[in-house]
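[1] Sequence and computational prediction follow.
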Amino acid sequence: MTKTIFAGALAALAMSTGAVAAQDYPTRTINMVIAYSAGGGTDVAARTLVPFIEKYLPGDETIAVINKPGASGELGFAEIAKATPDGYTIGFINTPTSITIPIQREASFAFDQLKPIANVVFDAGSLVALPNNDFGDLAGLVEAAKAAPGTITYGTTGIGSDDHLSMLALQRAAGIELRHVPFGGSSEIRAALLGGHIALGSMNIGEVIDSVNEGELATFGQMGADRWDGAPEVPTFQEQGFDVVSGAYRGIGAPVGLDPAIIETLSTAIGEAVADEEFRAAAAEQALPLDYQNSDDFTATLTDLQGLYQALWDENPWVE
Amino acid sequence: MDILTHLVDGFAAIFTPVVILAMVAGTVMGVLAGALPGLSATMGIAVLIPFTFGMEPLVALGLVAGIYNGAMYGGSIPAILLRIPGTPAGIATVFDGYPMTQQGRARLALRVSLYSSAFGSFVSALCLILLSPPLAALALKFGPSQFFWLAIFGMLCITSVLGGSLSKGLISTCAGLLMGLVGIDQITGAERYTFGSVHLVSGFSIIVVLTGLYAIPPALELAEKALRINSKDLNTGNRADDGFRMRSLLPVWLRSSVIGVIVGIMPGAGGNIAAVISWNEARRRAKEGDCYGKGDPKGVAAAECANNADTAATLIPALTLGVPGSAVAAVIMGVLLVHGLRPGPALFRDTAEITYGFMIAMGVTALMMIPIGALGSRLFINALRLPPLILAPGIIVLTSIGVYTVGNSIVEVWIMMIVGFVGYGMEKLEIPTAPAVLAIILGPMAESELRRSLLISGNDPTIFFTGVVNWIFILLIALMLALPLIRRRKARRAVTENQKVDT
């Protein structure tokens, strides 16, 4: 009994200090959890972005990047989800894994334990092949796939990756069946494509655009709702008559229960950081398709996506 | 020429103050680690892996290059002065080095060892730079079926050089294969042997396993043996031997370098084998006046040049195909992985500046050894006086902190400790650890490439038997398997003939 009263008092105290804290947030170092290892795509993007968020946050506090890799990101996402919601633990919540891990298996975090704060990158899916392929364009590919169901091979970065889910979406939308070959990383897909061992590669537009411009690979389109500024010549799948919108969001999230004022502070600072010319130049160099969304928009985006992935899973679970 | 521009970029990238400093520091650390009996290049790099992740890739790789080359030379210091090889590769240096010390010519022996090491390392680095890019280009032709055969071939190579007991080698290999099974199945996405623990979902981190296996057992052994060295033994003698001309060693150096490079490229064999073969070869060609085994500088030169020529060459299959031929190569792959650099053809295209920079650094640190070895010889000799009881706990603490910083996970520190103690036990039981490490890397590779090939072909097994490359591998594998049988047959025939003579 005394314990509950004590706990209640503590909670009340925490809430009152929370309200005070929100006004002069931040007063100490913020930890930014990256669910991937150092040197990976998300890590490099995060470390590029951090100095700019620091610049636009009120005060002179710093942000410490903490890598927490493992279990396809589960360890890192759980670290964010289970942190005290005080604004001092934030981190990258990448799709699809931050949504699909709890769908696929009993996970140590739930999607609704994460509060989306702001999106930074949306890297649309893309489908590539060697320039001298027999399919021509997307319509030609679909025709060929209908003529020989289940024989055309495509490489992805693994079961349940955004590359894989986007191809599941395409196969559903076009009513075709292709043969899936999972690889360990996008450099392996590229090698297998160039060596002629697989017919198609499902990779993100930001990963392939340089090779496409150099003429090393040919793309069948990009899977964003609109064309990305970095690839203005590449048509979207929707433009070509296939209703597929897919890709990977890389945005920042926090544990639920975070003070709305702090969310606002963070979301605004991230927005200003993404708009910074110097950051945009650095992002262009890494071929990062930027797509800022504030907390409300990003929350809506991810909630929609959660519904979509759940429906895909219920219809056809991709992990046995 | 693509390669020329990459080379120029690589040169520009490593001649920055920080990278140069890293190379110098690495070489000094390497010589020290090599000089201390029980510590080796593998161990030095293993302790370093976790710490490199905060560094720029080329700073880390500059350090690694220095340590690797330096340790190979450092191993000769106690081999010459105390008849204790500082690293396994220093074994053949003892044959002529220690007799020279007994004759009061230790200073000359150390000088010969230094120049021979530098020469061997430099030739090896040249071969790495010249052979890797074409091999990497060839690797682009490799598909899943070729990689499958390559992984099988790699595993066979390990077993063929186990020496000693076959069953112990198999125990080690199987342990590695089993550990490689843990985690998410790459092809179906199903979890295997995770026992519901989220920490096992992505399997054992190769970095954690390598660090545990190569940093902890040497530290424990150091504490256990607590080797005390009598200062009086560290006498370099007073004969000056100024009349000795290094140039006279050139033929030995050239031969030994070739032997070292060839042995280095073959998976499984290491610097110690290169050194012994090279020393034997030199002795076989002995002319009048040579006194191999009794203090001939040429003997020291043959051994040290060959074990250093092994260094960069070992990295050729590791960098181009992702198949490490030795424990050191596996550890260096670990450093690359920490930086998100995946060995294979992409290394030479997407991150050419770093890869070429690293290969050049192997050559540059080879040359750096000469001034560092000459100026620091007193320091290195005195390092032998370091009390092991301080060194051993220091290594363990350092390693634990390092592993923690990589994944910010205490579970990984525990895994590293457990693996380390198991590795120590294995060494006590004379079970080699290298097969386990190579099996952790090659096992999953063989499995996923096999299943990937079958996915591509629609379960048609003929995919493994089409194309020239596949057949070359199949023939090599058949040869590897047949060799012991042929040898046994020959031995049996020899025995029966002997019996005939007897009766």
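    Perfect, thanks for sending it. Numbering: from 1, shown residues only, chains lettered A, B, ... in the order given.

[2] Show me the strands in chain B, by range?
    B:183-184, B:191-192 (DSSP state E).

[3] How is the chain partitioned into domains?
    The chain I'm using is chain A. Domain assignment of chain A by automatic domain parsing yields the ranges A:2-122+A:247-315, A:124-222.

[4] Switch to chain B, please.
    B:2-241+B:248-466, B:468-503.

[5] which one of those domains is the most hemmed in?
    Burial of the domains of chain B is given as mean neighbour count (mean count of other Cβ atoms under 10 Å in any protein chain shown); domain B:2-241+B:248-466 ranks first at a mean of 22. Glycine gets a C-beta too; all of them are placed from N, C-alpha and C.

[6] Could you work out the end-to-end span of it for me?
    31 Å (Cα to Cα, to the nearest Å).

[7] before we move on, back to that, is it possible to get TSV of the domains of chain B that adds mean pLDDT and distance to chain A?
    As requested, those are exported to TSV (pLDDT from 0 to 100; distance: least, Cβ to the nearest Cβ, whole Å):
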stretch	mean pLDDT	distance to chain A
domain B:2-241+B:248-466	86	3
domain B:468-503	79	11
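
[8] Format the ones you listed as TSV; extra columns: distance to A:Ser98.
    Output for the domains of chain B, formatted as TSV (distance: least, Cβ to Cβ, whole Å):
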stretch	distance to A:Ser98
domain B:2-241+B:248-466	15
domain B:468-503	41
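
[9] all helices for chain A, in order.
    For chain A, the helices defined by DSSP state H occupy A:2-23, A:41-56, A:74-81, A:97-104, A:138-147, A:162-174, A:186-194, A:205-214, A:260-275, A:277-285, A:295-315.

[10] coming back round to it: export the strands of chain B to CSV and tack on distance to A:Ala144?
    Putting those into CSV (distance: least, Cβ to Cβ, whole Å) gives the following:
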stretch, distance to A:Ala144
strand B:183-184, 32
strand B:191-192, 36
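
[11] Of the ones you listed, which is nearest B:Ile372?
    strand B:183-184 (42.4 Å; Cβ to Cβ).

[12] which other helices and strands contact the closest one?
    Counting contacts by 3 or more Cβ pairs under 8 Å, 6 or more residues apart in numbering or on different chains; DSSP states H and E, strand B:183-184 packs against strand B:191-192.

[13] Can you spell out which helices and strands pack onto the strand it packs on?
    Against strand B:191-192 (3+ Cβ pairs under 8 Å, 6+ apart) you get strand B:183-184.

[14] How far off centre is the strand it packs on?
    Computed by Cα atoms, centre = their mean, to the nearest Å, the chain-centroid distance of strand B:183-184 equals 28 Å.

[15] can you check stretch B:456-473 too?
    For stretch B:456-473, the distance to the chain centre is 32 Å (Cα atoms, centre = their mean).

[16] What lies in contact with that stretch?
    Residues outside stretch B:456-473 that contact it (Cβ atoms under 8 Å, 6 or more residues apart in numbering or on different chains) are A:150-151, A:153, A:179, A:181, A:197-198, B:141-146, B:148-150, B:152-153, B:453-454, B:474.

[17] run the last query once more with 10 Å
    The list of residues contacting stretch B:456-473 from outside it, by Cβ atoms under 10 Å, 6 or more residues apart in numbering or on different chains, reads A:150-151, A:153, A:155, A:179, A:181, A:192, A:197-199, B:138-139, B:141-153, B:450, B:453-455, B:474.

[18] re earlier: distance to chain B and mean pLDDT added to the domains of chain A, as CSV?
    Below are these laid out as CSV (distance: least, Cβ to the nearest Cβ, whole Å; pLDDT from 0 to 100):
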stretch, distance to chain B, mean pLDDT
domain A:2-122+A:247-315, 3, 86
domain A:124-222, 3, 92
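
[19] Deepest-packed of these, please.
    Most buried among the domains of chain A, counting by mean count of other Cβ under 10 Å: domain A:124-222, with a mean of 20.

[20] Figure out the length between the terminal residues of that domain.
    6 Å.

[21] now the helices: where do they sit in the stretch 1-150 of chain B?
    For the stretch 1-150 of chain B, the helices defined by DSSP state H, counting those that start in this stretch occupy B:2-14, B:17-35, B:41-48, B:57-74, B:76-82, B:91-102, B:106-139, B:144-160.

[22] Output those helices as JSON lines; include the columns distance to B:Ala374.
    Formatted as JSON lines, the helices of the stretch 1-150 of chain B follow (distance: least, Cβ to Cβ, whole Å):
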{"stretch": "helix B:2-14", "distance to B:Ala374": "23"}
{"stretch": "helix B:17-35", "distance to B:Ala374": "11"}
{"stretch": "helix B:41-48", "distance to B:Ala374": "21"}
{"stretch": "helix B:57-74", "distance to B:Ala374": "11"}
{"stretch": "helix B:76-82", "distance to B:Ala374": "13"}
{"stretch": "helix B:91-102", "distance to B:Ala374": "17"}
{"stretch": "helix B:106-139", "distance to B:Ala374": "7"}
{"stretch": "helix B:144-160", "distance to B:Ala374": "38"}
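
[23] and of these, who's closest to B:Gly299?
    That would be helix B:91-102 among the helices of the stretch 1-150 of chain B, by Cβ to Cβ, at 2.9 Å.

[24] Now do that closest one: which elements does it pack against?
    In terms of contacts (3 or more Cβ pairs under 10 Å, 6 or more residues apart in numbering or on different chains; DSSP states H and E), helix B:91-102 is packed against helix B:76-82, helix B:106-139, helix B:271-284, helix B:297-321.

[25] how distant is the second one from the center of its chain?
    Think helix B:106-139. With Cα atoms, centre = their mean, you get 13 Å for helix B:106-139.
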